[in-house]
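Chemist: quick one, fold the following:
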Amino acid sequence: MRIRRVKATPINYRLEAPYVWVFGELDGFSPTIVEVETEDGLVGIGEAPTPGAAAIINDALAPRLAGRDAFDIAGAEEVCLPFWNGVQSINDRTRIMAFGAIEMALWDLRGKAWKQPLYQLLGGAVRKEIPFTDYFSLRGDGARVKGEKTPEEVADYCVELNEGHGTTFFEGKFSTQDPKVSMKMVELIRKQLGDEAMIRIDSNQAYSLATARQLARPLEELGVRNWEDPVATSEEMRELRRHTSIPFSTHNIDIARTMELKVPDAFVGNPTAHGGINRMLRFVGACEHAGIDYWCYSGDTGIGSACYLHLCAALGWIREPNQSLFRMQPMDIIEEGPFSPKNNTVPVPEGHGLGVTLSQERLAACHRDFVENGPCNKYHDPEKPGTYRRLPLN
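Modeler: Numbers count the residues shown, from 1 in each chain. Down below sits the predicted model:
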(Lines give C-alpha, C1' and ligand atoms only; values in the text may rest on other atoms or scores of the structure.)
Protein backbone atom coordinates (compact mmCIF):
# COMPACT_ATOMS: atom_id res chain seq x y z
CA MET A 1 0.00 0.00 0.00
CA ARG A 2 1.69 3.17 -1.25
CA ILE A 3 1.31 6.75 -0.08
CA ARG A 4 -0.32 8.97 -2.69
CA ARG A 5 -0.22 12.28 -0.85
CA VAL A 6 0.22 13.91 2.54
CA LYS A 7 -1.78 17.03 3.34
CA ALA A 8 -1.45 19.29 6.41
CA THR A 9 -4.07 21.89 7.35
CA PRO A 10 -3.64 24.47 10.13
CA ILE A 11 -6.86 25.28 11.99
CA ASN A 12 -8.27 27.27 14.87
CA TYR A 13 -9.98 25.22 17.54
CA ARG A 14 -11.76 27.59 19.88
CA LEU A 15 -12.91 27.16 23.45
CA GLU A 16 -16.45 28.09 24.47
CA ALA A 17 -14.96 30.86 26.65
CA PRO A 18 -11.36 32.10 27.08
CA TYR A 19 -9.66 30.84 30.21
CA VAL A 20 -7.39 32.95 32.39
CA TRP A 21 -3.82 31.89 33.05
CA VAL A 22 -0.41 33.41 33.64
CA PHE A 23 -0.28 34.85 30.09
CA GLY A 24 -3.70 36.50 30.26
CA GLU A 25 -6.64 34.95 28.40
CA LEU A 26 -6.46 32.02 25.97
CA ASP A 27 -9.38 31.61 23.59
CA GLY A 28 -8.35 28.41 21.83
CA PHE A 29 -5.65 26.39 20.10
CA SER A 30 -4.21 26.23 16.59
CA PRO A 31 -3.12 22.68 15.75
CA THR A 32 -2.29 21.15 12.37
CA ILE A 33 -4.45 18.32 11.02
CA VAL A 34 -2.70 15.75 8.82
CA GLU A 35 -4.26 13.46 6.21
CA VAL A 36 -2.19 10.68 4.62
CA GLU A 37 -3.92 9.15 1.60
CA THR A 38 -2.87 5.88 -0.03
CA GLU A 39 -3.20 4.79 -3.66
CA ASP A 40 -5.93 2.42 -2.45
CA GLY A 41 -8.03 5.34 -1.22
CA LEU A 42 -7.57 4.86 2.52
CA VAL A 43 -6.90 8.02 4.57
CA GLY A 44 -5.12 8.12 7.90
CA ILE A 45 -5.39 11.18 10.15
CA GLY A 46 -3.07 12.76 12.69
CA GLU A 47 -2.58 15.99 14.63
CA ALA A 48 0.31 18.24 15.65
CA PRO A 49 -0.19 20.82 18.43
CA THR A 50 1.24 23.75 16.46
CA PRO A 51 0.26 25.49 13.19
CA GLY A 52 3.94 25.73 12.27
CA ALA A 53 3.93 22.02 11.46
CA ALA A 54 1.73 22.57 8.38
CA ALA A 55 4.35 24.29 6.21
CA ILE A 56 7.05 21.80 7.23
CA ILE A 57 4.82 18.88 6.28
CA ASN A 58 3.48 20.29 3.01
CA ASP A 59 6.78 21.75 1.78
CA ALA A 60 9.46 19.42 3.15
CA LEU A 61 8.12 16.09 4.42
CA ALA A 62 5.23 15.26 2.09
CA PRO A 63 7.44 15.07 -1.05
CA ARG A 64 9.76 12.62 0.71
CA LEU A 65 6.89 10.29 1.57
CA ALA A 66 5.06 10.16 -1.78
CA GLY A 67 5.21 6.66 -3.24
CA ARG A 68 6.57 5.04 -0.08
CA ASP A 69 5.10 1.98 1.66
CA ALA A 70 2.47 3.31 4.09
CA PHE A 71 3.22 0.49 6.54
CA ASP A 72 6.94 1.30 6.74
CA ILE A 73 6.77 3.70 9.68
CA ALA A 74 10.43 3.31 10.59
CA GLY A 75 11.39 4.07 6.99
CA ALA A 76 9.18 7.16 7.02
CA GLU A 77 10.99 8.46 10.09
CA GLU A 78 14.35 7.79 8.45
CA VAL A 79 13.54 9.94 5.41
CA CYS A 80 11.80 12.70 7.42
CA LEU A 81 14.19 12.89 10.39
CA PRO A 82 17.44 11.35 9.14
CA PHE A 83 19.56 13.13 11.76
CA TRP A 84 17.43 12.63 14.87
CA ASN A 85 20.02 13.74 17.42
CA GLY A 86 20.68 16.96 15.54
CA VAL A 87 16.98 17.73 15.10
CA GLN A 88 16.32 16.97 18.77
CA SER A 89 19.06 19.32 19.94
CA ILE A 90 17.65 22.50 18.40
CA ASN A 91 15.27 24.71 20.37
CA ASP A 92 12.42 24.56 17.82
CA ARG A 93 10.89 21.07 17.97
CA THR A 94 8.30 21.83 15.28
CA ARG A 95 9.83 19.38 12.80
CA ILE A 96 9.68 16.59 15.38
CA MET A 97 6.03 17.33 16.10
CA ALA A 98 5.31 17.56 12.38
CA PHE A 99 6.62 14.07 11.80
CA GLY A 100 4.84 12.88 14.95
CA ALA A 101 1.51 13.89 13.38
CA ILE A 102 2.38 12.03 10.17
CA GLU A 103 3.39 8.97 12.17
CA MET A 104 0.05 9.08 14.02
CA ALA A 105 -1.73 9.10 10.66
CA LEU A 106 0.35 6.12 9.48
CA TRP A 107 -0.70 4.16 12.56
CA ASP A 108 -4.31 5.12 11.85
CA LEU A 109 -3.86 3.84 8.29
CA ARG A 110 -2.41 0.58 9.53
CA GLY A 111 -5.39 0.02 11.82
CA LYS A 112 -7.87 0.80 9.04
CA ALA A 113 -6.11 -1.50 6.58
CA TRP A 114 -5.88 -4.35 9.07
CA LYS A 115 -9.36 -3.63 10.53
CA GLN A 116 -8.09 -3.31 14.09
CA PRO A 117 -8.30 -0.51 16.68
CA LEU A 118 -4.98 1.11 17.48
CA TYR A 119 -4.80 -0.35 20.98
CA GLN A 120 -4.84 -3.85 19.48
CA LEU A 121 -1.88 -2.98 17.26
CA LEU A 122 -0.06 -1.83 20.41
CA GLY A 123 -0.56 -5.21 22.11
CA GLY A 124 -4.12 -5.06 23.45
CA ALA A 125 -5.94 -3.14 26.16
CA VAL A 126 -5.21 -3.26 29.88
CA ARG A 127 -8.18 -0.92 30.38
CA LYS A 128 -11.06 0.29 28.21
CA GLU A 129 -12.34 3.17 30.39
CA ILE A 130 -9.69 5.90 30.36
CA PRO A 131 -9.59 8.37 33.29
CA PHE A 132 -9.54 12.14 32.66
CA THR A 133 -9.77 15.25 34.80
CA ASP A 134 -12.24 18.04 34.13
CA TYR A 135 -10.67 21.48 33.98
CA PHE A 136 -11.38 24.61 36.00
CA SER A 137 -10.13 28.17 35.66
CA LEU A 138 -11.28 31.72 35.85
CA ARG A 139 -12.86 32.39 32.44
CA GLY A 140 -14.05 35.34 30.44
CA ASP A 141 -17.38 35.43 28.63
CA GLY A 142 -17.75 33.45 25.42
CA ALA A 143 -20.16 33.93 22.54
CA ARG A 144 -22.73 31.55 24.07
CA VAL A 145 -21.60 31.02 27.64
CA LYS A 146 -20.88 33.21 30.62
CA GLY A 147 -17.48 32.59 32.13
CA GLU A 148 -16.52 32.16 35.78
CA LYS A 149 -14.94 35.41 36.96
CA THR A 150 -14.61 34.76 40.70
CA PRO A 151 -13.34 31.88 42.82
CA GLU A 152 -16.92 31.34 44.03
CA GLU A 153 -18.19 30.95 40.44
CA VAL A 154 -15.36 28.51 39.63
CA ALA A 155 -16.25 26.38 42.64
CA ASP A 156 -19.93 26.42 41.64
CA TYR A 157 -18.92 25.29 38.13
CA CYS A 158 -17.04 22.33 39.63
CA VAL A 159 -20.09 21.41 41.71
CA GLU A 160 -22.18 21.45 38.52
CA LEU A 161 -19.69 19.07 36.88
CA ASN A 162 -19.86 16.80 39.89
CA GLU A 163 -23.65 16.74 39.99
CA GLY A 164 -24.22 16.56 36.23
CA HIS A 165 -21.39 14.31 35.09
CA GLY A 166 -20.11 12.53 38.20
CA THR A 167 -16.78 14.37 38.06
CA THR A 168 -14.50 13.92 41.05
CA PHE A 169 -11.16 14.39 39.22
CA PHE A 170 -10.30 18.06 38.68
CA GLU A 171 -7.32 20.02 37.40
CA GLY A 172 -7.11 23.77 37.08
CA LYS A 173 -5.06 26.87 36.52
CA PHE A 174 -3.29 28.08 39.65
CA SER A 175 -1.40 31.00 38.13
CA THR A 176 -3.16 34.27 38.90
CA GLN A 177 -0.93 37.28 39.47
CA ASP A 178 -2.22 37.40 43.03
CA PRO A 179 -1.92 33.77 44.19
CA LYS A 180 -4.54 34.39 46.89
CA VAL A 181 -7.18 34.29 44.15
CA SER A 182 -6.05 30.86 42.95
CA MET A 183 -5.75 29.65 46.54
CA LYS A 184 -9.32 30.75 47.20
CA MET A 185 -10.52 28.67 44.22
CA VAL A 186 -8.89 25.52 45.57
CA GLU A 187 -10.14 26.17 49.09
CA LEU A 188 -13.74 26.55 47.91
CA ILE A 189 -13.61 23.48 45.63
CA ARG A 190 -12.29 21.39 48.51
CA LYS A 191 -14.91 22.81 50.88
CA GLN A 192 -17.83 22.22 48.52
CA LEU A 193 -16.79 18.80 47.16
CA GLY A 194 -15.03 17.38 50.19
CA ASP A 195 -12.17 14.93 50.41
CA GLU A 196 -13.63 12.81 47.60
CA ALA A 197 -12.43 15.26 44.95
CA MET A 198 -8.99 14.87 43.40
CA ILE A 199 -7.52 18.33 42.81
CA ARG A 200 -4.45 18.89 40.62
CA ILE A 201 -3.15 22.36 39.78
CA ASP A 202 -1.01 23.88 37.01
CA SER A 203 0.98 27.07 37.63
CA ASN A 204 2.72 27.32 34.23
CA GLN A 205 5.92 28.44 36.00
CA ALA A 206 4.09 31.57 37.20
CA TYR A 207 5.67 31.89 40.62
CA SER A 208 9.09 32.58 42.06
CA LEU A 209 10.65 30.04 44.35
CA ALA A 210 9.98 32.32 47.34
CA THR A 211 6.27 32.58 46.51
CA ALA A 212 5.96 28.84 45.79
CA ARG A 213 7.48 28.09 49.20
CA GLN A 214 4.76 30.17 50.85
CA LEU A 215 2.04 28.40 48.87
CA ALA A 216 3.32 24.88 49.41
CA ARG A 217 2.14 24.29 53.00
CA PRO A 218 -1.48 25.47 52.57
CA LEU A 219 -1.76 23.57 49.27
CA GLU A 220 -0.52 20.41 50.95
CA GLU A 221 -3.07 20.89 53.73
CA LEU A 222 -5.78 21.13 51.05
CA GLY A 223 -4.74 17.72 49.72
CA VAL A 224 -3.55 18.82 46.29
CA ARG A 225 -2.71 15.67 44.32
CA ASN A 226 -0.17 17.20 41.92
CA TRP A 227 1.40 20.58 41.15
CA GLU A 228 2.47 21.14 37.55
CA ASP A 229 5.36 23.52 36.81
CA PRO A 230 5.17 25.40 40.13
CA VAL A 231 8.43 27.28 39.41
CA ALA A 232 10.50 28.19 36.38
CA THR A 233 13.39 25.71 36.47
CA SER A 234 14.13 22.15 37.48
CA GLU A 235 16.71 23.42 39.96
CA GLU A 236 14.08 25.57 41.67
CA MET A 237 11.72 22.61 41.68
CA ARG A 238 14.38 20.53 43.42
CA GLU A 239 14.71 23.23 46.08
CA LEU A 240 10.92 23.44 46.46
CA ARG A 241 10.83 19.68 47.08
CA ARG A 242 12.43 20.35 50.48
CA HIS A 243 9.29 22.23 51.55
CA THR A 244 6.46 19.95 50.41
CA SER A 245 5.54 16.37 49.62
CA ILE A 246 3.11 17.40 46.83
CA PRO A 247 4.20 15.58 43.64
CA PHE A 248 5.37 17.80 40.78
CA SER A 249 4.91 17.41 37.02
CA THR A 250 6.21 19.19 33.93
CA HIS A 251 5.94 19.37 30.14
CA ASN A 252 9.75 19.34 29.85
CA ILE A 253 10.38 15.74 28.75
CA ASP A 254 14.03 15.52 29.79
CA ILE A 255 14.17 12.17 31.55
CA ALA A 256 17.95 12.18 32.09
CA ARG A 257 17.81 15.50 33.94
CA THR A 258 14.81 14.36 35.95
CA MET A 259 16.65 11.27 37.13
CA GLU A 260 19.65 13.42 38.09
CA LEU A 261 17.68 16.03 40.04
CA LYS A 262 14.98 13.64 41.40
CA VAL A 263 12.25 16.04 40.23
CA PRO A 264 9.64 16.15 38.86
CA ASP A 265 7.56 13.09 39.72
CA ALA A 266 5.66 12.99 36.41
CA PHE A 267 5.79 14.10 32.79
CA VAL A 268 2.75 15.52 31.02
CA GLY A 269 3.21 14.84 27.32
CA ASN A 270 1.89 14.20 23.86
CA PRO A 271 2.98 11.55 21.33
CA THR A 272 3.88 14.17 18.72
CA ALA A 273 6.14 15.97 21.20
CA HIS A 274 8.21 12.78 21.29
CA GLY A 275 8.21 12.43 17.51
CA GLY A 276 5.39 9.89 17.29
CA ILE A 277 3.73 6.91 18.91
CA ASN A 278 6.76 4.62 18.59
CA ARG A 279 9.02 7.03 20.44
CA MET A 280 6.39 7.74 23.08
CA LEU A 281 6.07 4.00 23.75
CA ARG A 282 9.80 3.83 24.41
CA PHE A 283 9.73 6.98 26.56
CA VAL A 284 6.89 5.72 28.75
CA GLY A 285 8.74 2.43 29.12
CA ALA A 286 11.78 4.36 30.36
CA CYS A 287 9.53 6.28 32.77
CA GLU A 288 8.20 3.00 34.15
CA HIS A 289 11.74 1.75 34.68
CA ALA A 290 12.65 4.99 36.47
CA GLY A 291 9.42 5.17 38.51
CA ILE A 292 8.32 8.46 36.90
CA ASP A 293 4.61 8.87 36.15
CA TYR A 294 3.27 9.99 32.78
CA TRP A 295 -0.05 11.31 31.54
CA CYS A 296 -1.26 13.27 28.51
CA TYR A 297 -2.04 16.97 28.35
CA SER A 298 -5.09 18.78 27.00
CA GLY A 299 -6.03 21.10 24.15
CA ASP A 300 -6.15 18.62 21.27
CA THR A 301 -8.99 17.96 18.87
CA GLY A 302 -10.70 14.58 18.88
CA ILE A 303 -7.91 13.20 16.66
CA GLY A 304 -5.10 13.75 19.15
CA SER A 305 -7.41 12.86 22.03
CA ALA A 306 -8.37 9.56 20.39
CA CYS A 307 -4.68 8.74 20.12
CA TYR A 308 -4.30 9.39 23.86
CA LEU A 309 -7.21 7.07 24.56
CA HIS A 310 -5.64 4.18 22.67
CA LEU A 311 -2.19 4.72 24.20
CA CYS A 312 -3.66 4.84 27.70
CA ALA A 313 -5.66 1.70 26.96
CA ALA A 314 -2.51 -0.16 25.94
CA LEU A 315 0.03 1.26 28.41
CA GLY A 316 -0.52 0.11 31.97
CA TRP A 317 2.00 2.62 33.35
CA ILE A 318 -0.22 5.62 32.46
CA ARG A 319 -2.18 5.27 35.67
CA GLU A 320 -3.08 8.83 36.59
CA PRO A 321 -5.94 10.70 34.87
CA ASN A 322 -5.06 12.63 31.72
CA GLN A 323 -5.84 16.32 31.42
CA SER A 324 -9.05 17.28 29.66
CA LEU A 325 -10.61 20.44 28.24
CA PHE A 326 -13.40 18.38 26.66
CA ARG A 327 -16.12 20.17 28.61
CA MET A 328 -14.84 23.57 27.44
CA GLN A 329 -14.76 22.58 23.74
CA PRO A 330 -18.15 23.35 22.16
CA MET A 331 -17.41 21.49 18.91
CA ASP A 332 -14.92 19.08 17.37
CA ILE A 333 -13.57 18.31 13.93
CA ILE A 334 -14.41 14.63 14.35
CA GLU A 335 -17.93 13.37 13.75
CA GLU A 336 -17.93 11.53 17.08
CA GLY A 337 -16.77 14.47 19.22
CA PRO A 338 -16.26 16.22 21.39
CA PHE A 339 -15.59 13.48 23.93
CA SER A 340 -17.49 13.82 27.21
CA PRO A 341 -16.19 12.19 30.40
CA LYS A 342 -18.76 10.45 32.58
CA ASN A 343 -17.76 9.54 36.13
CA ASN A 344 -14.21 10.65 35.26
CA THR A 345 -13.72 8.32 32.26
CA VAL A 346 -14.03 8.17 28.48
CA PRO A 347 -14.29 4.80 26.66
CA VAL A 348 -11.61 4.01 24.13
CA PRO A 349 -12.97 4.10 20.54
CA GLU A 350 -13.53 0.63 19.15
CA GLY A 351 -13.37 1.53 15.45
CA HIS A 352 -10.44 0.74 13.18
CA GLY A 353 -7.25 2.74 13.67
CA LEU A 354 -7.94 5.77 15.87
CA GLY A 355 -11.64 4.96 15.59
CA VAL A 356 -12.74 8.52 14.78
CA THR A 357 -13.95 10.19 11.57
CA LEU A 358 -12.68 13.55 10.31
CA SER A 359 -15.45 16.00 9.36
CA GLN A 360 -14.32 17.75 6.19
CA GLU A 361 -16.95 20.44 6.68
CA ARG A 362 -15.73 21.32 10.19
CA LEU A 363 -12.11 21.07 9.09
CA ALA A 364 -12.78 23.63 6.34
CA ALA A 365 -14.58 25.97 8.75
CA CYS A 366 -11.77 25.84 11.32
CA HIS A 367 -9.19 26.41 8.58
CA ARG A 368 -11.09 29.48 7.36
CA ASP A 369 -11.00 30.82 10.90
CA PHE A 370 -7.22 30.36 10.93
CA VAL A 371 -6.73 32.03 7.54
CA GLU A 372 -9.00 34.98 8.33
CA ASN A 373 -8.02 35.60 11.96
CA GLY A 374 -4.56 34.15 12.45
CA PRO A 375 -3.69 31.58 15.11
CA CYS A 376 -5.40 31.35 18.49
CA ASN A 377 -2.10 31.54 20.36
CA LYS A 378 -2.68 35.09 21.48
CA TYR A 379 -3.58 36.48 24.86
CA HIS A 380 -5.32 39.58 26.09
CA ASP A 381 -3.19 42.00 28.09
CA PRO A 382 -5.46 42.99 31.02
CA GLU A 383 -3.45 46.19 31.56
CA LYS A 384 -4.10 47.29 27.97
CA PRO A 385 -7.78 46.68 27.13
CA GLY A 386 -8.42 45.77 23.52
CA THR A 387 -4.85 44.68 22.80
CA TYR A 388 -3.49 41.22 22.09
CA ARG A 389 -0.04 39.69 21.91
CA ARG A 390 1.15 36.48 20.32
CA LEU A 391 2.18 33.63 22.55
CA PRO A 392 5.30 31.60 21.75
CA LEU A 393 4.47 28.37 19.93
CA ASN A 394 4.96 25.10 21.79
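
Chemist: let me see the mean pLDDT of the helix or strand hosting residue 101.
Modeler: Using DSSP states H and E, residue 101 sits in helix 94-114. Helix 94-114 carries an average pLDDT of 97.

Chemist: swap in stretch 361-372?
Modeler: 98.

Chemist: what residues sit buried inside it?
Modeler: Within stretch 361-372, the residues that count as buried by 16 or more other C-beta atoms under 10 Å are 362, 363, 366, 367, 369, 370. In short, each C-beta sits where N, CA and C put it, glycine included.

Chemist: repeat that for stretch 38-55.
Modeler: 38, 42-54.

Chemist: check the offset of it from the chain's centre.
Modeler: From the chain centre to the centre of stretch 38-55 is a distance of 18 Å (C-alpha atoms, centre = their mean, to the nearest Å).

Chemist: and if you look at stretch 258-265?
Modeler: 22 Å.

Chemist: same question for that stretch, mean pLDDT?
Modeler: Mean predicted lDDT for stretch 258-265 stands at 96.

Chemist: measure residue 252 to residue 321 for me?
Modeler: Distance, residue 252 to residue 321, by C-beta to C-beta, to the nearest Å: 20 Å.

Chemist: correction: the previous question concerned residue 70.
Modeler: Distance of residue 70 to residue 321, given as C-beta to C-beta: 34 Å.

Chemist: what about residue 335, how many residues close to it?
Modeler: Counted by other C-beta atoms under 10 Å, the residues lying close to residue 335 total 12.

Chemist: pick out the most distant pair among the buried residues of stretch 38-55.
Modeler: Among the buried residues of stretch 38-55, the pair separated by the greatest distance (C-beta to C-beta) is 42 and 52, at 27.3 Å.

Chemist: would you agree residue 204 is in contact with residue 21?
Modeler: Yes. Using C-beta atoms under 8 Å, residue 204 makes contact with residue 21 at a distance of 5.9 Å.

Chemist: overlap of the contact sets of these two?
Modeler: Jointly contacting residue 204 and residue 21 under the rule C-beta atoms under 8 Å, 6 or more residues apart in numbering are 173, 175.

Chemist: of those two, which one has the most company?
Modeler: For residue 204 versus residue 21, the count of surrounding residues by other C-beta under 10 Å is larger for residue 21: 20 against 16.

Chemist: in helices, which of the buried residues of stretch 38-55 fall?
Modeler: 52, 53, 54 (DSSP state H).

Chemist: quick check: closest non-adjacent residue to the first one.
Modeler: In this structure, residue 52 finds its nearest non-sequential neighbour in residue 94, 4.5 Å apart by C-beta to C-beta, 6 or more residues apart in numbering.
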